[in-house]
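Participant: sequence and predicted structure below; questions after.
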Amino acid sequence: MRTIHISDEVTDALGDGRAVVALESTIFSSLGLPAPHNEDALRRCDAAVRARGAVPAMVAVLDGVARIGLDGTDGTDVGRVLAGTHKLAERDLPWAVGTGLAVGVTTVSATVALAAGAGIAVFATGGIGGVHRGAEHSFDVSSDLTALARHPVTTVCAGAKGFLDLPKTLEYLETLGVPVLGLATDEFPAFWCRTSGLRVPHRVEGPGAIAQIVRAARALGAVNGILVVNPCPEDAALARDTIEPAIEDALAAAASSGITGGAVTPFVLSHLADATGGRTLPANLALAEHNASVAARIAVALSAASR
Ligand code: PSU
Ligand code: MN
C-alpha cells in the first residue's frame with residue numbers, strides 16, 4: 001500500500017538540500033476561508049514562498065495517500081483540496097490513509113507530523129489552534145499544541161485566534177517545552193490583531209537569528225518544534241475592539257447550536273467573517289502570505305548554512 005507520496009519538485013529540492021516550506025491545506029479549503037478567498041490565499045502563499053527562493057509543499061490526503069507537494073499540473077489536485085470539507089488532525093491520519101479517504105485537508109497537527117516525516121524543517125500557517133475558552137470544562141485543547149511539541153519543525157504563524165484562551169495557550173506551550181519566538185514583536189499576536197497584551201518569552205529580529213536558534217535546538221538534541229509568531233501586517237490588521245464583540249457573538253452562537261470538537265474552529269471563522277462584513281478576510285490573507293514569506297526566508301537561511 002502506498003501511503004505517502006512526495007511530489008517530484010519537493011523530492012528534488014530535498015535531495016539537493018534546497019529550502020522547502022510545508023503548507024497546511026485546511027486554511028485553503030472551504031473550512032478555512034470562503035471561496036474565492038481560499039484560492040487567492042493559496043496563490044499568494046505559493047508565490048510568496050517561491051519569491052524567496054523556496055519550494056512550497058502543500059500537505060493533504062488524496063485517495064488515501066498522504067501527499068506532500070501536489071504535482072497535478074492540471075490543477076485537479078489543487079481543486080479537490082480547495083473544495084475539501086474533511087478536516088484531519090494528526091490522530092485522523094491513520095484512519096484517512098487506512099480507509100482510502102478521497103479528500104482530507106490537514107490541520108497544523110497533521111501537517112507538522114507529515115512534514116517532519118518527509119524531512120521538511122519549516123512550515124507556514126495562518127494561526128495555530130490552542131486552548132479554547134472554557135477548556136476547564138470542555139477539555140478542548142487543540143492537538144496542534146502537542147504536535148508542535150512532538151515534531152522537529154519550525155512553524156511560522158500569526159499567533160492564535162483571539163477566540164481562544166491565549167494566556168492558557170501560552171502556558172500550555174511552556175508546559176510542552178515549545179520555544180515561542182516573537183518576530184520583531186514583544187507581544188504574542190492574536191491573528192487578525194497585532195497585539196494581545198501578552199508578552200512572548202523571546203523576541204528575535206529576523207529570519208537569520210531564527211535559523212541560528214533552530215540549529216542550536218538541533219545541536220542540543222531537542223526533538224520538539226519551535227513556534228515563530230509573526231504579527232499580521234499593519235495595513236491589514238484589525239483593532240481588538242473591532243473583533244472582540246464579534247468573537248463573543250460567534251462563541252455564543254456556537255454554544256447555542258451545540259457545536260463542539262473539530263467543528264468549532266470552522267464555525268467560528270465563518271461566523272466572524274459574516275459578523276465583520278468580511279473584514280477578517282483581507283487580514284487573514286495578508287497574514288498567511290506574510291507567514292509564507294518569513295518561513296521561506298528561514299528555510300533558505302537554514303539550507304544555506306547546512307551546505
Ligand atoms: N486558523 C485559521 N484557519 C483555519 C485554522 C486555523 O485561520 O482553518 C485551522 C488550522 O488547520 C488549525 C485548526 O490547525 O484550525 C485547529 O483546529 P482545532 O481547534 O479543532 O484543533
Ligand atoms: Mn479541538
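Facilitator: Perfect, thanks for sending it. Ligands and ions are numbered 1, 2, ... in the order given.

Participant: could you pull out the strands for the stretch 1-150 of the chain?
Facilitator: Here the stretch 1-150 of the chain has its strands, by DSSP state E, counting those that start in this stretch, at 4-6, 20-23, 55-62, 65-68, 87-88, 103-106, 122-124.

Participant: hmm, who's touching the shortest one?
Facilitator: In this structure, residues lying in contact with strand 87-88 by CB atoms under 8 Å, 6 or more residues apart in numbering are 26, 29, 31, 61, 96, 101, 104-107, 110, 262, 266. Any C-beta I mention is one placed from the backbone N, CA and C, and that applies to glycine too.

Participant: then the fourth one?
Facilitator: Contacts of strand 65-68 from elsewhere in the structure, counted by CB under 8 Å, 6+ apart, are 2-7, 10, 22, 57-61, 77, 93, 96-97, 114-115, 118, 120.

Participant: using neighbour counts, trim these to the buried set.
Facilitator: Among those, those scoring as buried are 5-7, 10, 22, 57-61, 77, 93, 96-97, 114-115, 118, 120 (criterion: 16 or more other CB atoms under 10 Å).

Participant: contacting ligand 1 as well, which ones from these?
Facilitator: Residues of the buried ones among the contacts of strand 65-68 in contact with ligand 1 (CB under 6 Å from any ligand atom): none.

Participant: assign residue 281 to helix, strand or coil.
Facilitator: Secondary structure, DSSP: H, G, I helix; E, B strand; the rest coil: residue 281 is helix.

Participant: what number of residues lie near it?
Facilitator: Look at residue 281: counted by other CB atoms under 10 Å, it has 19 neighbours.

Participant: excluding sequence neighbours, find me the nearest residue to it.
Facilitator: residue 37 (5.2 Å; CB to CB, 6 or more residues apart in numbering).

Participant: on that earlier part again, could I get the strands of the stretch 1-150 of the chain as a markdown table with mean pLDDT and distance to residue 209?
Facilitator: Converted to a markdown table, the strands of the stretch 1-150 of the chain look like this (pLDDT from 0 to 100; distance: least, CB to CB, whole Å):
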| stretch | mean pLDDT | distance to residue 209 |
| --- | --- | --- |
| strand 4-6 | 97 | 30 |
| strand 20-23 | 98 | 18 |
| strand 55-62 | 98 | 23 |
| strand 65-68 | 98 | 28 |
| strand 87-88 | 98 | 33 |
| strand 103-106 | 98 | 29 |
| strand 122-124 | 98 | 14 |
